[in-house]
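Colleague: the sequence isn't on hand, but the structure is:
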């Protein structure tokens, strides 16, 4: 049962996704059914706004907002990348909670955000302030542990799968003019998203032909051999390349003008990534004409090609947070638990926040092929249900004969 | 009436579009109704394949192919960028036409391709070889003259409009972490596509805030002032930037980056474009954190967000080529003629190929705002009907109150 009458505070944090607002819709629609919860507040720009006392009162937002949140990309509350470190910040948050009588706290985010949520949960318990805190997962990187997958991933994967096979057709058509296309894909440490580039591929001619994930070592000489081998066979090569590929020494291939963000992450997204560098390498070493596609934030915001499965699950995990409050539960992250068997089915579960905070889930070895330049059928079986409707079966001449 | 019994040869040429195969479907479906036309051949890789004698026999392709061509991106026949210059090439084409009894010739392409089509038409007439030749327009650049617009443009414009407003929400959400996003958009000489970035914008907060077209002079100091002014007002700035912006001396801004020249590349699509260069400029001069989105060929191939209007019109202009043959017409390009009045309606028309070959249509001055950093309502009125279904009305908090 629910612990205490009071108000709720909701935040969105970290890099947005096409469906993070669907999770907010899930929270907001379920909150309306719970009499113990009075006013509904949103943090403006996540915990940063909370620290500045910038709350949005969502209590009287019209019911019609929920429907529109289901297809609205990015974080309507605003987001941030802020890690709580200073004692003074904790004091400010406690004062804010007391001032607004916040007894329920939902933080929708990725690894760092789950850490923030756990810290806040720990803080309130330690200080005897009665409040339940629940983390709701989101990340296009799909790298949160203890959940089958993360809301946001399926939609970004759908964009990557569609745009790979579609722009692959472009390269195939232009093969007498261009040789190689490199699609530089997000995911600094894990290959979940770059791997999804394969999900629209139906035959050898279809893109991608090579996939490089950050889990392995990126060896330039092997890369050149791989590209040459495919080019000799097909006459063109489509490469799906993680922005986070590193050399044997652990240095990012695209780290030329890297800057460092607040968490000490090397923010390779801001400079020139590895794609353009490798295009130039291909020209210099193999004489091949290569082009880099680098959609950047488009790949994590293109709601118009969102996965319907992903949107539904994002709503479900948001709604679940309120149901867990009703059961008196706190300090957990909502998870997606996949039922065993061939038919895809996922239910909401839970896991203590301390088990997920700051932990990254990497592609398991059996999802990566032996040469480290592609994914296995096991990966495809895992990821395919997450992208929603099947990728269209595009025409090829001669197929019907 | 149709001149002669014989066979037809069809080619696709130049950069692909999401709907160039819909034009092929229009040709193929209408050909089946015409008894004078016997076998149906396609050029493999455009005129390059024809020069090598590489023809595909499409006569027995199943009727179901048409439906799938309607949503299949890029050129299923293969494309090329080849300009006819040598006498020997003309002789080879004439021999090919005679060998395969080609009496009907359809070339689907942009400016250069219309020139090729016109040259071939001229050649056959001059040499007394009876053959009708018709050009079918396609280009995402929308820069063919004498037609209201070009098939392919509406779909690329739809992708640009959707991804601008959607990734604009991403920037808005992340404004405490990032300041500027630059979306580098295709169209080396004309601003039709970069201008379409505005078509999903509903309020000042929505992207884009600044649009730079290749028709004007790109002045770095004005750019810095423009960005600073928007940043002071909103706290974030989304810039839609043509890949083809040039300085007062006519030099491409994208050619300024030292890295472009590192391996001796001059084609701006293949190196680092102006976007990354300007991100670095913003960091150096204004201390702003800027990111470049550069989807490259994805913007001209993403059939999954194609404009339905565009796909229908692409089919229509393909079909029209065969109807013009039946009327004994040759040496023309099919056009799209917009009916006057507020209700959007377009019909197929025709224009002599000599009037379109190698001519580029630029944005008229009344489509560009006075400062040269945005488009006018006249442009919006022109372009909006071409992108098909309306761009979704994404949620904003507080709107329903």
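Modeller: Sure thing, it's come through. Computed from a predicted model, the values in this text were never measured in an experiment.

Colleague: contacting residues around the closest residue to residue A:28 other than its chain neighbours?
Modeller: Leaving aside its sequence neighbours, residue A:28 sits nearest to residue A:66 (Cβ to Cβ, 6 or more residues apart in numbering or on different chains; 6.2 Å). Where you see a C-beta, it was placed from the backbone N, CA and C, and this is true even at glycine. Taking Cβ atoms under 8 Å, 6 or more residues apart in numbering or on different chains as the criterion, residue A:66 is in contact with A:25, A:28-29.

Colleague: which among the residues you listed gets closest to residue A:175?
Modeller: residue A:25 (44.8 Å; Cβ to Cβ).

Colleague: where along chain A do the strands fall?
Modeller: A:6-12, A:37-43, A:55-57, A:102-109, A:132-137, A:180-185, A:210-212, A:237-242, A:259-260, A:266-267, A:290-293, A:332-338, A:346-352 (DSSP state E).

Colleague: mind naming the longest helix for chain A?
Modeller: Longest helix in chain A, counting residues (DSSP state H): helix A:153-173.

Colleague: average pLDDT for it?
Modeller: When pLDDT is averaged over helix A:153-173, the result is 98.

Colleague: is that helix anywhere near chain B?
Modeller: Yes. Using Cβ under 8 Å from any Cβ of the partner chain, helix A:153-173 reaches chain B at A:162-163, A:166-167, A:169-173.

Colleague: quick one: residue A:138 and chain B, what's the gap?
Modeller: 12 Å (Cβ to the nearest Cβ, to the nearest Å).

Colleague: got it, and residue A:357?
Modeller: In terms of Cβ to the nearest Cβ, residue A:357 sits 20 Å off from chain B.

Colleague: can you pull the phi/psi pair for that residue?
Modeller: phi -60, psi 120 (degrees, to the nearest 10).

Colleague: and the most centrally placed residue in chain A, how close does it get to chain B?
Modeller: With distances taken as Cα atoms, centre = their mean, residue A:140 lies nearest the centre of chain A, 1.2 Å away. Distance of residue A:140 to chain B, given as Cβ to the nearest Cβ: 11 Å.

Colleague: pretty sure that residue sits against residue A:151.
Modeller: No. Residue A:140 lies out of contact with residue A:151 (Cβ atoms under 8 Å); the separation is 9.5 Å.

Colleague: about what we covered before: where among the strands of chain A is the average confidence lowest?
Modeller: strand A:259-260 (a mean of 41).

Colleague: low-confidence ranges in the stretch 301-401 of chain A?
Modeller: For the stretch 301-401 of chain A, the stretches with pLDDT under 70 are A:400-401.

Colleague: which residues of it lie near chain B?
Modeller: A:301-305, A:392-398, A:400-401.

Colleague: show me which of these are buried.
Modeller: By neighbour count, with 16 or more other Cβ atoms under 10 Å in any protein chain shown, those hold A:301-305, A:392, A:394-397 as buried.

Colleague: quick one, helices of chain A?
Modeller: So, for chain A - with DSSP H - the helices run A:20-31, A:46-51, A:64-69, A:87-99, A:111-126, A:153-173, A:192-195, A:220-234, A:274-286, A:308-326, A:377-383.

Colleague: out of the ones you listed, flag the one nearest residue B:197.
Modeller: So among the helices of chain A, helix A:153-173 is nearest, using Cβ to Cβ, at 17.8 Å.

Colleague: starting at the chain centroid, how far to that closest one?
Modeller: 17 Å (Cα atoms, centre = their mean, to the nearest Å).

Colleague: likewise stretch A:101-119?
Modeller: Distance, centroid of stretch A:101-119 to centroid of chain: 17 Å (Cα atoms, centre = their mean).

Colleague: buried ones in that stretch, by neighbour count?
Modeller: So for stretch A:101-119, counting by 16+ other Cβ under 10 Å, buried means A:102-119.

Colleague: which positions in the stretch 51-200 of chain A make contact with chain B?
Modeller: Counting by Cβ under 8 Å from any Cβ, the stretch 51-200 of chain A sits next to chain B at A:56, A:58, A:60-62, A:64-65, A:68-69, A:71-82, A:162-163, A:166-167, A:169-177, A:181, A:183.
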